[in-house]
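> how would this look folded up:
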Amino acid sequence: MELPLSAAARSRDIYTVSRLNREVKVLLEGGFPPVWIEGEISNLSRPASGHVYFSLKDAQAQVRCAFFRQYHRQLGIVLKDGLHVLTRARVSLYEGRGDYQIIVEYLEEAGEGALRRAFDALKSRLSQEGLFDAARKKPLPRLPRRIGIVTSTSGAVLHDILTTLRRRFPAIAVMVYPVPVQGEGAAEKIAAAIRLADARRECDALILARGGGSLEDLWPFNEEIVARAISACSIPIVSGIGHETDFTIADMAADVRAPTPTAAAEMLSPDQQEWLAQFARIETRLVSEIRGRLRNRYQLIDWLSARLVHPSHRLKLLQQAFTATYQRLQSAQISALRECRSKWQTVMARLLQHSPQPKLRQAAHRHHYLSSRLITAVERELERADFRLRQIMQTLQALSPLATLARGYAIVQRPATGVIVTDANAVKSGERIRARLARGSLDCLVEESRED
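Residues are numbered from 1 along each chain as shown. Presented below is the predicted three-dimensional model:
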């Protein structure tokens, strides 16, 4: 039986549980726009409906999440407990249980996903400015005299580039601009090195290089300051960053992108063996052309000689003139070949003069010399320290109370307390005292005490 309500109760706006949950849901969903939330997945479950339910937590709190089937079909990552994610979600309330929850509409792994969005945004903005246009790209020099390398000196990248240049064309000089290639402040230092190389104009081309790594490791090469420094540089730049699959903003801004640092060195250095083979081919073609022309001249003379019957004297004169011309031509050919060979030898000698081997040997000799001087200086300093230590020990020995005891003096103490006795009146007859000598001590009985 339903009890009658009082007048006060009838004037109240009494909510049912369903109405309360429904209105709270409206307030939550209307009061919060879609928000980005970062946290760790826990309590993941996949019921037969195809939806995914989990909790998103941080160190202090957690919230229930519902990820409906139509949103996660094209997700591309495997959800699991402990995965750190970034979600775009709507705040809501499940009316049936009154549970506050969020409805996930988009999800990605945290960290690299944010970097990827920043990468795409910067790429789009710089592309719209025309920073990556092919018309801005500068051609690479065919035979650079000096190549600048902007990279870290602590990794294997610099060694690989130098090894490749030494193998392909050792006469090319190298200038290294050492920079950190990852971590805080790396982008500013890379950009500063590029601007320094551009201001000095010491190199004909630059290599911007780094080994492989994650998107976070390669991030200094995705900074706007580096891209603008590359674009503003008047020296052609070849980027060799990471592996063949890695692609950065710096690669797009550079004049040429190489798949690896070693490939960048190969792009800028001609093959010495190909050049020598080309010289040999040119020499062979030149000799063959000259010999062919001489054969044609001989055939023409033979044909003209066959047509003439009587003027043999004239023919002899022509033959003599031709012989002289042939000899001069042959001599000129030999001289030209010798001059070409001499120029080639001079170029090779100049190339060998620019080899870094003498400087390396000189640096090794200087290192050995400085090491010897350092060892000698350390030994002398140790001798002086030993001498000063002996003097101090002698001084301490002279001031030691043990030395005083060794001259026949003694220290008198009360055996029970160890207090030193300095006044004869402080000791009574029949009292025991202890006299400490240079070697050992004596327990004594006082028979009489008197003043001096």
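> CA atoms for contacts and neighbours, from now on please.
Fine.
> all strands of the stretch 201-350 of the chain, in order?
With strands called from DSSP state E, counting those that start in this stretch, the stretch 201-350 of the chain shows them at 205-210, 237-241, 256-257.
> low pLDDT regions in the chain?
1-11, 74, 76, 111-114, 307-311, 452 (pLDDT under 70).
> in it, which spans are helices?
Per DSSP state H, the chain carries helices over the ranges 7-10, 17-31, 69-72, 112-128, 156-168, 186-200, 224-232, 249-253, 261-268, 272-307, 312-353, 357-399, 401-406.
> follow-up on the earlier one: for Glu289, find the nearest of the strands of the stretch 201-350 of the chain.
Among the strands of the stretch 201-350 of the chain, the nearest to Glu289 by Cα to Cα is strand 205-210 (38.4 Å).
> give me whichever of the helices of the chain is most buried.
Mean neighbours per residue, mean count of other Cα atoms under 10 Å, is largest over the helices of the chain for helix 249-253, with a mean of 25.
> extract the C-alpha trace of it and format it as CSV.
Included here for helix 249-253 are C-alpha records, laid out as CSV according to Å, rounded to 0.1, in the frame of the first residue of the first chain:
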residue,chain,number,x,y,z
ILE,A,249,62.9,17.4,-42.1
ALA,A,250,66.6,18.0,-42.7
ASP,A,251,66.5,15.5,-45.5
MET,A,252,63.7,17.5,-47.2
ALA,A,253,65.5,20.8,-46.8
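> name the surrounding residues that touch it.
Applying Cα atoms under 8 Å, 6 or more residues apart in numbering, the external contacts of helix 249-253 come out as 119, 123, 131-132, 221-223, 226-228, 230-231, 239-241, 257.
> circling back: now the strands of the stretch 201-350 of the chain as JSON lines including distance to Gln70 and mean neighbour count?
Below are those laid out as JSON lines (distance: least, Cα to Cα, whole Å; neighbours: other Cα atoms under 10 Å):
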{"stretch": "strand 205-210", "distance to Gln70": "42", "mean neighbour count": "26"}
{"stretch": "strand 237-241", "distance to Gln70": "39", "mean neighbour count": "29"}
{"stretch": "strand 256-257", "distance to Gln70": "40", "mean neighbour count": "22"}
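> so which of the ones you listed comes closest to Ala416?
strand 205-210 (78.9 Å).
> partner strands of that closest one, parallel or antiparallel?
With DSSP bridges as the test, strand 205-210 is paired with strand 146-151 (parallel), strand 237-241 (parallel).
> a markdown table please, covering the ones you listed and showing distance to Arg361.
Below are these laid out as a markdown table (distance: least, Cα to Cα, whole Å):
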| stretch | distance to Arg361 |
| --- | --- |
| strand 146-151 | 21 |
| strand 237-241 | 30 |
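> let me know which of those strands is the nearest to Lys359.
Closest to Lys359 of those, according to Cα to Cα: strand 146-151, at 16.2 Å.
> now do the same contact list for the spatially closest residue to His354 that is not a sequence neighbour.
Excluding its sequence neighbours, the residue lying closest to His354 (Cα to Cα, 6 or more residues apart in numbering) is Ala171, at 5.6 Å. By Cα under 8 Å, 6+ apart, the contact list for Ala171 reads 351-355.
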